[in-house]
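Participant: Quick one, what's the 3D model for this:
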Amino acid sequence: MGRQAPPRGRGSYLYLAAGSGLAFAFALPLLWAVVRSLEPSVLATAAPQAADFTHMTVSNYTGLLGPAEDIGLNLANSVITALGTAALTVVASTLAGYGLSRFRFRGSGLAFGAILVALMIPFQAVLTPLFLELHFFHLLNSLLGLVLVYSTFNLPFGVFVMRNTFAEVPDELADSAHVDGAGPMATLVRVLRPLVVPGMATTAIYAFLYSWNEFLQALTFLTSDNLFTLPVKLFNVEIATYGAVNFGYLSAGVVIAMVPCVALYVALQRYYVRGLISGALKG
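Facilitator: Numbers count the residues shown, from 1 in each chain. Sure thing, here's the model as predicted:
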């Protein structure tokens, strides 16, 4: 006979009720944004009424994706920039975290401390040097230059996460691989890589969300309309003609920008949580 599940106590029901309430509180703004995006522009800023739900339309989405605004190209620019930033940040952070965690050299602690200090440097403090550097390397008004800038600002957090993730892996695994004749790179790729996937996923999510939502750097380093990312394009849509704000288009654009972020987080949520607590017990 199968083992019967123990009866739930009062605390379990309170836990479920509290969790359901918090989930609803977080989901309500997202649902409200979707509802507002399906309403005509004239109703987007009006006080909500029950009759508004009878005027649902997709005109805001068709207008944004139509020839007048055509944010499809800007959406593709954001996808390319976000994926490129996530990939470059994960590769560089993994190699740096592996080196700082597994190899002892003079000044390793100082180097790691300097990387963490970079977390406290705001973008505005280095705006002028970055602009001049990108101009010198002919990377202004280029998605590649924007990817390099985004990766630079995501590397400190990525290195911090990956170093702690590697520190959580037992040293005996790397030692066994070394005894079997595997070099440092072979040990990283074949032995340690499957064990540090949570840290890599955390780094990728953080870098993707940062580059997907970033506005000021894209506005500063991009000047061509066909290279604008989605946040910059939505700003231009928001201004509209004669300074009027088309809140219907803006609401639809916010929902479009929100979908990849929510989907990515839901898909990698378990890795993200495990990656954030990496090194809590060791390292």
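
Participant: And the strand or helix carrying residue 20, what does it pack against?
Facilitator: Per DSSP states H and E: residue 20 is located in helix 10-37. Packed against helix 10-37, as judged by 3 or more Cβ pairs under 8 Å, 6 or more residues apart in numbering; DSSP states H and E, are the following elements: helix 247-267. Placement of C-beta: from N, CA and C, glycine included.

Participant: What strand or helix carries the spatially most central residue of the chain?
Facilitator: The residue lying closest to the centre of the chain (Cα atoms, centre = their mean) is residue 209, at 1.8 Å. Here residue 209, judged by DSSP H and E, is contained in helix 197-213.

Participant: List of residues touching that helix?
Facilitator: 78, 81-83, 85-87, 89-90, 93-94, 97, 146-147, 150-151, 153-154, 157-158, 161-162, 164-166, 230-231, 257, 260-261, 264-265, 268, 271-272, 274-276, 278 (Cβ atoms under 8 Å, 6 or more residues apart in numbering).

Participant: next one: that helix to chain centre, how far?
Facilitator: The chain centre lies 5 Å from the centre of helix 197-213; the measure is Cα atoms, centre = their mean, to the nearest Å.

Participant: isn't residue 148 right next to residue 140, touching?
Facilitator: No - counting by Cβ atoms under 8 Å, residue 148 stays clear of residue 140, with 11.6 Å between them.

Participant: I'd like to know the average pLDDT value across stretch 21-41.
Facilitator: Average pLDDT, stretch 21-41: 87.

Participant: Just the buried residues of it, please?
Facilitator: By 16 or more other Cβ atoms under 10 Å, the buried positions in stretch 21-41 come out as 36-39, 41.

Participant: quick revisit: among the contacts of helix 197-213, which ones are buried?
Facilitator: 78, 81-83, 85-86, 89-90, 93-94, 97, 146-147, 150-151, 153-154, 157-158, 161-162, 164-166, 230-231, 257, 260, 264, 268, 271-272, 274-275, 278.

Participant: In helices, which of the residues you listed appear?
Facilitator: The members of these that map onto helices under DSSP state H are 78, 81-83, 85-86, 89-90, 93-94, 97, 146-147, 150-151, 153-154, 157-158, 161-162, 164-166, 230-231, 257, 260, 264, 271-272, 274-275.

Participant: sorry, back to before: could you work out the most separated pair of the buried residues of stretch 21-41?
Facilitator: Farthest apart among the buried residues of stretch 21-41 by Cβ to Cβ are 38 and 41. That separation is 11.5 Å.

Participant: Overlap in contacts, those two.
Facilitator: By Cβ under 8 Å, 6+ apart, the residues touching both residue 38 and residue 41 are residue 60.

Participant: where does the stretch 1-150 of the chain have low pLDDT?
Facilitator: 1-9, 50-52 (pLDDT under 70).

Participant: try it again with 80
Facilitator: For the stretch 1-150 of the chain, applying pLDDT under 80 flags the ranges 1-11, 41-55, 67-70, 104-105.

Participant: Look up phi and psi at residue 39.
Facilitator: phi -100, psi 150 (degrees, to the nearest 10).

Participant: okay but it is in contact with residue 57, surely?
Facilitator: Yes - counting by Cβ under 8 Å, residue 57 is a contact partner of residue 39 at 7.3 Å.

Participant: Now do residue 154, the pLDDT please.
Facilitator: 95.

Participant: residues contacting it?
Facilitator: By Cβ under 8 Å, 6+ apart, the contact list for residue 154 reads 85, 89, 93, 203, 206-207, 210-211.
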